[in-house]
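J.: here is my input, please return the structure:
(chains A and B, ligands or ions: 2)
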Amino acid sequence: MVVINIPEPTVTVAPLDVDTRMAALRKMLEIRLTEERIQEMFLANLIRGTTHLCIGQEGVSTGVASVLRKGDTVTCTYRGHGHALALGMSVQAMIAEMMGKTSGCCHGKGGSMHMTDASIGLLGANAIVGAQLPIAVGAALTAKMKNTGAISVTFFGDAATNIGAFHESLNLASVWKLPVIFICENNRYGEYSPQHWTTPVENLSVRAAAYNMPGVTVDGQDMETVHAEFKVAAERARSGEGPTFLEMKTYRYLGHSRTDTGPYRPPGELDAWKERDPILLLKAKMIADGQLDEVEFAELRDATERYIAEVVEWARQEPYPTEADLLTDIFYEG
Amino acid sequence: MPELTYREAVRNALADEMRADENVILMGEDVGAAGGVFKTTPGLQAEFGPERVRDTPISEEAFIGAALGAAITGMRPVAELMFADFIPVAMDQIVNQIAKHRYMSGGQFIVPITIRSAQGGGVGFGTQHSQTAENWLLNTPGLKVVLPGTPVDAYGLLRAAIRENNPVIVLEHKGLYNLKGEVPEDTGVLELGKARVMREGRHVTVVGAQLMVHRALEAAEALAKDGIDVEVIDLRTLAPLDTATILASIKKTGRLVIAEEAPHTSSWGGDLASLAADEGIYYLDAPVKRVNMGRAMFAYSEPLESLAIPSVTRITEAIRETAYAQ
Ligand SMILES: Cc1ncc(C[n+]2csc(CCOP(=O)(O)OP(=O)(O)O)c2C)c(N)n1
Ligand SMILES: [Mg+2]
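T.: Ligands and ions are numbered 1, 2, ... in the order given. This next block holds a predicted model:
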C-alpha cells in the first residue's frame, strides 16, 4: 500500500501581521535558495563529505523561529541549515563553514552537519541521530534552575523517534517538568526507509502520551500553523507547565543526502507535496490579502539569489585554517 | 578533617564545591534521598535541596546528555554513573558529544562537566560490575580522566575536576571506598595531570593507579627486606599524563614495571611502554615489564577474580625479575 498522506489544512489559524509574514517569506526564500546553491556547490566539489538539505521543510524552522525570543536555545540535526538561518545565522557564516573556512561559524571545525552559533542560541547541530534531545533537556534544566524564562527547543526527524535517546529524553523532561519543546519534523523517511517500515504508528505524536505530555500533529507546510501551535507549546513551557511534543508533517524534496535521488518514493508523492510548498502557501496567502504581488515576489527572489552568489564568491576567497588551528579548541585553556 | 575514608573524602569534596558555587549540581540514580549506592552522597540533598541534588530515572544517555546541555548553558553539573560498567550505555554522549562539543563549535563553549563513576574489581560484583573503564575513554581527545587512589586525592582531585572548565571523568575505585587516610585541612583543590611519587626508591620504578598502587606499595615493602629499593608512582590522572615524573623516575632507576587492573591490549600500560621506548630508551637497563589482566575477564568466583587481577605476589615477582634482569 502506498501512503502519500499529505496534511490537509485542518485548523484555520489567525493570519500573522504583514511584517511577520514578510520576514518569514524572506527567511524561507533565503533558506531555499541557499540550499539550492549548496547542492550545486556539493556537486561541483566545493563542499566536502556530505550534506543534508531541508528544501520543502522550511515552514517548520521558520514558523518556530518566529516565536522564539533572545535567550531561548535550540539543538537540531545534520539537516540543520534551515534552523540556523531561521535563527539568524548569516549566510556568510554558513557558506564559509561549509567550505571549511576560518570565517565559518565553527571556524571550519564543524561543517555542513554541525552549524552552531552560541550567540543566537543554537547550541549545536548533531550528526548522531537523537543525541541532541538530551542536550536540549539539559539546556531546559538550566533555564528552570536559573529561572530565566527561556525555553529549549530540539528538532529531530521521524526516524529519530525510534532511538532510545528520544524516549529517555521525553521521560526525563516530563518527570522534571522542564521547559523544552520536542519538534519532530516528520518528512516520512529515515534515510531511504519510509516510516511505515520502521515505525508501528502513523501519527508520531501519540508517543507523547506515554510520557504524560501533550502531543500534537501539525501541518508543517503552513508556517502560520506552525507558529500558532508552537506558540501554545512555548507559552506552556514558559509558564512552568512542562514539555510538549509537536509532530510537524512535512516533506523533503531532495534526497536524504549527497546524490540520493529518492528512488524509494512512490510515483506522484513528490509532486503532490510540492502542491503544498511552504513558500508558495505563504506567498498565495499574502497575494490574496493584497500584501504582495508576483513582481515583488520575483524581485525578492532575484535579490536573494544575487546576494547568495556574492557570498559564495566571497567565501571562496576566504582563508582555510592552518596547522596553528590543529590542536586548538580541544580544551579550554584558562 | 585529618583522617577520612575515601568515601567520606568524595562526599566532602562534593559538599565543599556545592557550597562554593551554586551552579554546581549533582545528578544520578539514587544520589538524592538514598545518598548513592556507594553512599558517597548522603546528606547532600538535605543540605542543598532536591533541585540541586537530583535523582534521575535510569536513563544514562539522557542524564549524561542533559549534563552537557546544562554545562554549555551555565551550570557545572556533576553526574554520577553508578557503576563504570554503565559508561558504555552513555558512550555516545561522552565520546561524540561531551568530548567534541567545544572542538566542533570552534571553541564557542566551555564544557564544565564532571562525571563520577565507581570502577574496579576485587569485591565480587561479577563481570558486568567490576571493570575498569579508563581505557575506553583514553582513546578520545577532549576528555580528562582521573583515577584517585587515596582519600586525599579523592578529595582534592574531585574538587579540581569540578572547577575544571573541561569535561573530566573521575573514576573512583569501589574497592577503596573504605580506605582510610590523612586528608589535611588545607588540602584544598589539587592539580590535575600530576602523578605522585608514593614511595621513593633507587632500583625499580613501578607505575600504577588505585588498587595497583596499594599492591605495589605492599610489594615494595616485601622487596625492601631483600635489598630491592622500589619507587612507586601513582599516576592519579591518566589524561593528561604526567610524563615528566615517569621519565624522571626511569632515569633514576633504569627499570620500569607497569601494573594495571586492565586487559593487556590497547591499554595505557602500552602507552607507558611506548613512552619509555620513545623518550626513555637510553635510561633503561632492563626490558619494560607489564603486569595486567592479560586476556582474562573480571570474574565472579573469588579464586578466578584473584587470578585475573594482578596480586601483590605477581607484582612482587615482576619487580624482582626486572630488578635482576641483565
Ligand atoms: C545513531 C545513528 N544511527 C544512524 C545514523 C545514520 N543516519 C543518518 S540520518 C539517518 C536517518 C534519520 O532519519 P530521520 O530521523 O527521519 O531524520 P531526517 O534525516 O529525515 O531529517 C540515519 C539512519 C546516524 N547518523 N546516527
Ligand atoms: Mg525523516
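J.: next SSE after the longest strand belonging to chain B?
T.: Secondary structure of chain B read by DSSP state E shows that its longest strand is strand B:76-83. For strand B:76-83, the succeeding helix or strand toward the C-terminus, using DSSP states H and E, is helix B:91.
J.: returning to what we had before: pull out the buried residues from the longest strand of chain B.
T.: Taking 16 or more other Cβ atoms under 10 Å in any protein chain shown as the neighbour-count basis, strand B:76-83 is seen to contain the buried residues B:76-83. (C-beta placed from N, C-alpha, C; glycine too.)
J.: please name every helix or strand in contact with it.
T.: Under the contact definition 3 or more Cβ pairs under 8 Å, 6 or more residues apart in numbering or on different chains; DSSP states H and E, strand B:76-83 sits against strand B:24-28, helix B:60-71, strand B:114-119.
J.: need the pLDDT of the residue of the stretch 51-200 of chain B found nearest ligand 1.
T.: The shortest separation between the stretch 51-200 of chain B and ligand 1 is 7.2 Å, found at residue B:92 (distances taken as Cβ to the nearest ligand atom). With respect to pLDDT, residue B:92 scores 98.
J.: check residue A:258 too.
T.: Listed pLDDT for residue A:258 reads 89.
J.: what's the spacing between it and ligand 2?
T.: Residue A:258 sits 16 Å away from ligand 2 when distances are taken as Cβ to the ion, to the nearest Å.
J.: tell me the contacts of that residue?
T.: Contact criterion Cβ atoms under 8 Å, 6 or more residues apart in numbering or on different chains gives A:42, A:50-51 as the residues in contact with residue A:258.
J.: buried ones in the lengthiest helix in chain A, by neighbour count?
T.: Looking only at chain A and at elements set by DSSP state H, the helix with the highest residue count is helix A:18-43. Of the residues in helix A:18-43, those scored as buried under the neighbour-count criterion (16+ other Cβ under 10 Å) are A:21-22, A:24-25, A:27-35, A:37-39, A:41-42.
J.: just to revisit the earlier point, got JSON lines for the buried residues of strand B:76-83, with pLDDT too?
T.: As requested, those are exported to JSON lines (pLDDT from 0 to 100):
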{"residue": "B:76", "pLDDT": "98"}
{"residue": "B:77", "pLDDT": "99"}
{"residue": "B:78", "pLDDT": "99"}
{"residue": "B:79", "pLDDT": "98"}
{"residue": "B:80", "pLDDT": "98"}
{"residue": "B:81", "pLDDT": "98"}
{"residue": "B:82", "pLDDT": "98"}
{"residue": "B:83", "pLDDT": "98"}
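J.: correct me, but residue A:178 touches residue A:145?
T.: No - contact status for residue A:178 versus residue A:145: not in contact, 9.8 Å apart, counting by Cβ atoms under 8 Å.
J.: neighbour count for those two, which is higher?
T.: residue A:178 (26 against 19; other Cβ atoms under 10 Å in any protein chain shown).
J.: count the neighbours of the nearest residue to that one once chain neighbours are set aside for me.
T.: Nearest residue to residue A:178, sequence neighbours excluded (Cβ to Cβ, 6 or more residues apart in numbering or on different chains): residue A:140, at 3.8 Å. Using other Cβ under 10 Å, residue A:140 has 31 neighbouring residues.
J.: quick one: residue A:140 from ligand 1, how far?
T.: For residue A:140, the distance to ligand 1 equals 21 Å [Cβ to the nearest ligand atom, to the nearest Å].
J.: who are the contact partners of that residue?
T.: Listed by Cβ under 8 Å, 6+ apart, the contact partners of residue A:140 are A:151-152, A:173, A:178-180, A:237, A:243, B:69.
J.: tell me the two of those residues that are most distant?
T.: When Cβ to Cβ is used, the two most widely separated members of the contacts of residue A:140 are A:237 and B:69, lying 14.9 Å apart.
J.: those two - which one has more neighbours?
T.: Under the neighbour definition other Cβ under 10 Å, residue A:237 and residue B:69 were set side by side, and residue B:69 has more, 32 against 27.
J.: so who does the closest residue to the more buried one other than its chain neighbours touch?
T.: In space, not counting the residues next to it along the chain, residue B:69 is nearest to residue A:138; the distance is 2.3 Å by Cβ to Cβ, 6+ apart. The neighbours of residue A:138, taking Cβ under 8 Å, 6+ apart as the test, are B:65-73, B:75, B:77.
J.: quick check, residue A:94 in contact with residue A:87.
T.: No - counting by Cβ under 8 Å, residue A:94 stays clear of residue A:87, with 11.2 Å between them.
J.: ok, residue A:229 touching residue A:216?
T.: Yes - using Cβ under 8 Å, residue A:229 is in contact with residue A:216, at 5.9 Å.
J.: between those two, point out the one with more neighbours.
T.: The residue with more neighbours, out of residue A:229 and residue A:216 and counting by other Cβ under 10 Å, is residue A:229; that gives 26 against 16.
J.: what's the closest non-adjacent residue to the more buried one?
T.: Sequence neighbours aside, residue A:218 is the residue nearest to residue A:229 in space, at 4.6 Å (criterion: Cβ to Cβ, 6+ apart).
J.: tell me which strands the one helix or strand that neighbour maps to pairs with, and in which orientation.
T.: Here residue A:218 sits within strand A:215-219, counting by DSSP H and E. Paired neighbours of strand A:215-219 in the sheet (DSSP bridges): strand A:244-249 (parallel).
J.: may I have the partner strand exported as PDB, CA atoms only?
T.: Taking C-alpha atoms only, strand A:244-249 is exported to PDB below (Å, rounded to 0.1, in the frame of the first residue of the first chain):
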ATOM      1  CA  THR A 244       5.300  19.400  24.700                       C
ATOM      2  CA  PHE A 245       5.800  17.100  21.700                       C
ATOM      3  CA  LEU A 246       4.900  18.600  18.300                       C
ATOM      4  CA  GLU A 247       4.900  16.400  15.200                       C
ATOM      5  CA  MET A 248       5.300  18.500  12.100                       C
ATOM      6  CA  LYS A 249       4.100  16.700   9.000                       C
END
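J.: after that strand, next one along is what?
T.: Beyond strand A:244-249 in the direction of the C-terminus, DSSP H and E gives the next helix or strand as helix A:269-274.
J.: possible to save the contacts of residue A:138 as CSV with distance to ligand 1?
T.: Formatted as CSV, the entries for the contacts of residue A:138 read as follows, by distance: Cβ to the nearest ligand atom, whole Å:
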residue, distance to ligand 1
B:65, 13
B:66, 18
B:67, 19
B:68, 16
B:69, 18
B:70, 22
B:71, 22
B:72, 21
B:73, 24
B:75, 26
B:77, 23
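J.: on that earlier part again, nearest to residue A:105, of the contacts of residue A:258?
T.: Within the set of those, residue A:51 lies nearest residue A:105; the separation is 15.0 Å, counting by Cβ to Cβ.
J.: which residues touch residue B:289?
T.: Neighbour list for residue B:289: B:256-258, B:318-319, B:321-322 [criterion: Cβ under 8 Å, 6+ apart].
J.: just the buried residues of the residues you listed.
T.: Buried members of these, counted by 16+ other Cβ under 10 Å: B:256-258, B:318-319, B:322.
J.: narrow those to those in helices?
T.: Checking these against DSSP H, those in helices are B:318-319, B:322.
J.: what about residue A:209, neighbour count?
T.: For residue A:209, the tally of surrounding residues (other Cβ under 10 Å) stands at 11.
J.: again, but for the one 3 residues further on
T.: Other residues lying near residue A:212 total 12 when counted by other Cβ under 10 Å.
J.: quick check: chain neighbours aside, which residue is closest to it?
T.: Counting by Cβ to Cβ, 6+ apart, residue A:212 lies nearest to residue A:174, which is 5.5 Å off, once chain neighbours are set aside.
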